[in-house]
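> need a 3D model of the sequence below.
(chains A and B)
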Protein chains: 2
Amino acid sequence: MPTRLQPVQLTPTGVVLIDQTTLPARLSHQTITTTAGMIEAIQTMVVRGAPAIGIAGAFGVVLAARQALGSPTFVGDVYAAADQLADARPTAVNLMWAINQMTTCLDACVSQDQTPQAIIQQLTTTAQAILAQDIAMNQAMGQYGKVVVPVGARILTHCNAGALATGGYGTALGVIRAAFADDPTISVFADETRPRQQGARLTTWELAQDGIPVTLVSDGMCASLMSSGLVDVVIVGADRIAANGDTANKIGTHTVALVAKAFGVPFYVAAPYSTFDPTLPTGEGIPIEFRPDDEMTTINGERICANGVGVYNPSFDVTPAQLITGIITEKGIARPNYGDSLNQWRRPYGPVSIKQAIA
Amino acid sequence: MPTRLQPVQLTPTGVVLIDQTTLPARLSHQTITTTAGMIEAIQTMVVRGAPAIGIAGAFGVVLAARQALGSPTFVGDVYAAADQLADARPTAVNLMWAINQMTTCLDACVSQDQTPQAIIQQLTTTAQAILAQDIAMNQAMGQYGKVVVPVGARILTHCNAGALATGGYGTALGVIRAAFADDPTISVFADETRPRQQGARLTTWELAQDGIPVTLVSDGMCASLMSSGLVDVVIVGADRIAANGDTANKIGTHTVALVAKAFGVPFYVAAPYSTFDPTLPTGEGIPIEFRPDDEMTTINGERICANGVGVYNPSFDVTPAQLITGIITEKGIARPNYGDSLNQWRRPYGPVSIKQAIA
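As a prediction, the model looks like this:
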């Protein structure tokens, strides 16, 4: 059963997003009705998390088609909006992947000379399928992944790879949910995850909703925890995975992975297969987004550092494959050598349409 | 020349502290007149940093003697106050060391049957000597330590081991000050240092005062920085160093040290010799202070995590000696094996009185 948290939902009036910038203080929603509104929501992280922004992007194409209805350049308008949505954030490949599913659908509609109304219907069906498939994939990941969680495990996670980051169940937190269903003695350490604090603000909130025991730690504490023997396994999400297994995820992940390696703590990535980017041989080619300075310099309206200082604010880092014990996907757990283990899953669905994939 | 920042100063009316909880928003001072007030200032981190709380503790004994003047139990009152001050915070050994200097002075006064007025004078002289010695030691550390800073180096530091943490020049930041005086092309990355953000709030402010280029980073970014080749050397302070070189410092230091090791970046500790605790063979025996939950759960009055979550908030971690390239002291740079290199400095001043030490 998926958790009740649904960060992205399509309604007749627009796309309803859980506003992830107001948690944990309050659970509020935004209804997005335009492509521009969706791009802004993605860029300001009202919706965030690689799979969730993929879904939001797909629904953004539906909004674009609704907006373009009646326009003499309907098809061109939708393609242009899809391009803009794909560029909203650069690192997570799921956004490009989802937009690609949508334009593939649009291609097919155009080749069949469908009406705008029919095209909107097809795009809606495809986007809803991406959402439904995401939840199903998360649940499959949970079933595969829970075997790596020892009885009574203390699990460290970084950022939020939960229901809020996906269609509604979670990748890393999906594995934790599945493990917890079998073994309610497990517990979680949630890294705060500066600068945006998604671990503190979202992961603790989301796990508390489900009654899963969670302890807040700050990002520098992993060595303290692991040297004290308090962590049995690390599980994180991913924004893009290169062909060799190098994994881009929220800034700080690489640091945790190095510390886990030093203490022999298994380090797992949980992500849908769509997170793999087979066009990149290694993580070096993954574009890293740099975010605004004020995410670092200001908290809750208060400046926390001197004026005039420099700021380094990459939103992601790349964890080398050799630090990763396994990559949990909806197809199973990939193990090193990742090039080989990921390739075995290239068929039946690699770069094919979502309709084939979920048939 | 010492920097103009003087976090702890004795005046006729009391001990004037820079209030380190209001920076960088404003530079304000508190005048402490009682032992209880000094203990509270140390525990709430109005004054913090291992050497600075040592100095504050020494002046606290002077305040105790001023308070006890006229009491029939003058000497007993001062000893009792010294014991309370020594227990204000558990991890930094400098506090116990400084209080020990003060009670050694008191012992001598008592054995000479001195008057309360004369004892206050002796205690004041001893405390002022601790302060003066601290600044002199920091400057010596700077001269020894600057040789490990390459030309144009990008230096990563954690927390604040600066003028604010000491008598007025700094340990890690003292080395950086000395290096910058020779080579103005060096620059600093300051770890934010959650939960109390001393790196963001104090280190960026202190370095900006001196015109030393500083860039704010969050605690999880060290792997991102070092994998990008952006850090040439790490220099941090210390709160207590065991006989084998294991070093307790602000939480997160051990994490940085492991990441530095993985990338072959030299990792230095800068601390006065009084930070060594020869009674502890390894870091395992160093008591680690756990601080209140709200340091983690609340920023600027806003709760940043769900209600009811657990909190893990150790204020320090212990970096094993094998991760430390060298320990910069006022006597020179100790290198592994630290047991041997530290012992060579045991004389002429180990556990002897401060008056002998600075003679």
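> skipping its backbone neighbours, what lies nearest residue A:19 in space?
residue A:28 (4.7 Å; CB to CB, 6 or more residues apart in numbering or on different chains). In this view, the C-beta of every residue, glycine as well, is placed from N, C-alpha and C.
> surely the one you found and residue A:17 touch.
No: using CB atoms under 8 Å, residue A:28 is not in contact with residue A:17; the gap is 9.7 Å.
> and those two? Which one has more around it.
Neighbours were counted for residue A:28 and for residue A:17 using other CB atoms under 10 Å in any protein chain shown; residue A:17 has more, 24 against 13.
> low pLDDT regions in chain A?
For chain A, the stretches flagged by pLDDT under 70 are A:1-3, A:347-359.
> same thing but at 90, please
A:1-5, A:274, A:300-301, A:339-359 (pLDDT under 90).
> report the contact partners of the residue nearest to the spatial centre of it.
Most central in chain A under CA atoms, centre = their mean is residue A:50, positioned 2.5 Å from the mean C-alpha point. Going by CB atoms under 8 Å, 6 or more residues apart in numbering or on different chains, residue A:50 touches A:92, A:93, A:94, A:95, A:165, A:237, A:238, A:239, A:240, A:271, A:275.
> which ones are touching the closest residue to it other than its chain neighbours?
Leaving aside its sequence neighbours, residue A:50 sits nearest to residue A:92 (CB to CB, 6+ apart; 3.7 Å). Counting by CB under 8 Å, 6+ apart, residue A:92 touches A:50, A:53, A:54, A:239, A:240, A:275.
> adding secondary structure, write these out as JSON lines.
Listed next are those as JSON lines, based on DSSP: H, G, I helix; E, B strand; the rest coil:
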{"residue": "A:50", "secondary structure": "helix"}
{"residue": "A:53", "secondary structure": "helix"}
{"residue": "A:54", "secondary structure": "helix"}
{"residue": "A:239", "secondary structure": "coil"}
{"residue": "A:240", "secondary structure": "strand"}
{"residue": "A:275", "secondary structure": "helix"}
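> which one of these is nearest chain B?
residue A:239 (13.8 Å; CB to the nearest CB).
> distance of that closest one from residue B:332?
Residue A:239 is 47 Å from residue B:332, where distance means CB to CB, to the nearest Å.
> just want the residue of the stretch 51-200 of chain A that's nearest chain B.
Of all residues in the stretch 51-200 of chain A, the one sitting closest to chain B is residue A:194 (3.9 Å; CB to the nearest CB).
> dump the residue contacts of that residue.
By CB under 8 Å, 6+ apart, the residues touching residue A:194 are A:218, A:219, A:252, A:296, B:192, B:194, B:218, B:219, B:220.
> with residue A:237 instead?
A:49-50, A:159-161, A:165, A:171-172, A:249-250, A:269-271.
> which ones among the residues you listed are found in helices?
In helices, judged by DSSP state H, the following of those are found: A:50, A:172.
> just the buried members of the contacts of residue A:237?
Neighbour counting by 16 or more other CB atoms under 10 Å in any protein chain shown classes A:49-50, A:159-161, A:165, A:171-172, A:249-250, A:269-271 among the contacts of residue A:237 as buried.
> where do the strands sit along the stretch 51-200 of chain A?
Remark: strands assigned in the stretch 51-200 of chain A by DSSP state E, counting those that start in this stretch are A:154-157, A:187-191.
> next helix or strand past the longest one?
Once the chain leaves strand A:187-191, the next helix or strand it forms, by DSSP states H and E, is helix A:198.
> any idea which helix or strand comes after that next one?
helix A:204-209.
> what packs against that next one?
In terms of contacts (3 or more CB pairs under 8 Å, 6 or more residues apart in numbering or on different chains; DSSP states H and E), helix A:204-209 is packed against helix A:172-182, strand A:187-191, strand A:214-217.
> count the neighbours of residue A:27 for me.
Neighbours of residue A:27 (other CB under 10 Å): 13.
> I'd like the distance between the residue nearest to residue A:50 and residue A:57.
Applying CB to CB to residue A:92 and residue A:57 gives a distance of 10 Å.
> could you do residue A:137 as well?
In this view, residue A:137 and residue A:57 are 17 Å apart by CB to CB.
> which of those two has more residues huddled nearby?
For residue A:137 versus residue A:57, neighbours defined as other CB under 10 Å are more numerous around residue A:57 (33 against 25).
> you'd agree the more buried one is up against residue A:43?
No: if you go by CB under 8 Å, residue A:57 and residue A:43 don't touch, sitting 11.7 Å apart.
> need the residues touching each of these two.
Residues touching both residue A:57 and residue A:43 (CB under 8 Å, 6+ apart) are residue A:88.
> and the helices in the stretch 251-359 of chain A?
Counting by DSSP state H, counting those that start in this stretch, the stretch 251-359 of chain A has helices at residues A:253-263, A:294-297, A:338-343, A:354-357.
> out of those, which is the most enclosed?
With neighbours defined by mean count of other CB atoms under 10 Å in any protein chain shown, none of those is more surrounded on average than helix A:253-263, at a mean of 26.
> phi, psi of the closest residue to residue A:302 other than its chain neighbours?
With sequence-adjacent residues excluded and distances taken as CB to CB, 6+ apart, residue A:302 is closest to residue B:300, at 4.8 Å. Main-chain torsions, residue B:300, degrees, to the nearest 10: phi 50, psi 40.
> mind listing what residue B:300 touches?
Contacts of residue B:300 by CB under 8 Å, 6+ apart are A:299, A:300, A:301, A:302.
> in a markdown table: these, plus distance to residue B:257.
Listed next are the contacts of residue B:300 as a markdown table, based on distance: CB to CB, whole Å:
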| residue | distance to residue B:257 |
| --- | --- |
| A:299 | 27 |
| A:300 | 31 |
| A:301 | 34 |
| A:302 | 30 |
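> just the buried residues of these.
Using 16+ other CB under 10 Å, the buried members of the contacts of residue B:300 are residue A:299.
> higher neighbour count, residue A:239 and residue B:332?
residue A:239 (31 against 17).
> so the residue lying closest to residue A:86 once chain neighbours are set aside versus residue A:109, what's the distance?
By the measure of CB to CB, 6+ apart, the closest residue to residue A:86 outside its immediate chain neighbours is residue A:99, 4.2 Å from it. Counting by CB to CB, the gap from residue A:99 to residue A:109 is 15 Å.
> again with residue A:317
39 Å.
> if I look at the residue in chain A sticking out farthest from the centre, how far off is residue A:111?
Ranked by distance from the centre of chain A (CA atoms, centre = their mean), the top residue is residue A:72, with 35.9 Å. Here residue A:72 is placed at a distance of 20 Å from residue A:111 (CB to CB).
> list the buried residues for the longest helix along chain A?
Using DSSP H, we find that the single longest helix of chain A is helix A:116-145. Residues A:116, A:119-120, A:122-124, A:126-142, A:144-145 are the ones in helix A:116-145 that count as buried (16+ other CB under 10 Å).
> do the same with stretch A:181-197
By neighbour count on 16+ other CB under 10 Å, the buried set for stretch A:181-197 is A:186, A:187, A:188, A:189, A:190, A:191, A:192, A:193, A:194, A:195, A:196, A:197.
> grab the nearest non-local neighbour of residue A:66.
Using CB to CB, 6+ apart, the closest residue to residue A:66 is residue A:120 (6.3 Å).
> my guess is the one you found contacts residue A:69. True?
Yes: the pair residue A:120 / residue A:69 is scored as a contact, 6.8 Å apart, by CB under 8 Å.
> is residue A:255 in contact with residue B:259, as I believe?
Yes: between residue A:255 and residue B:259 there is a contact under CB under 8 Å: 5.7 Å.
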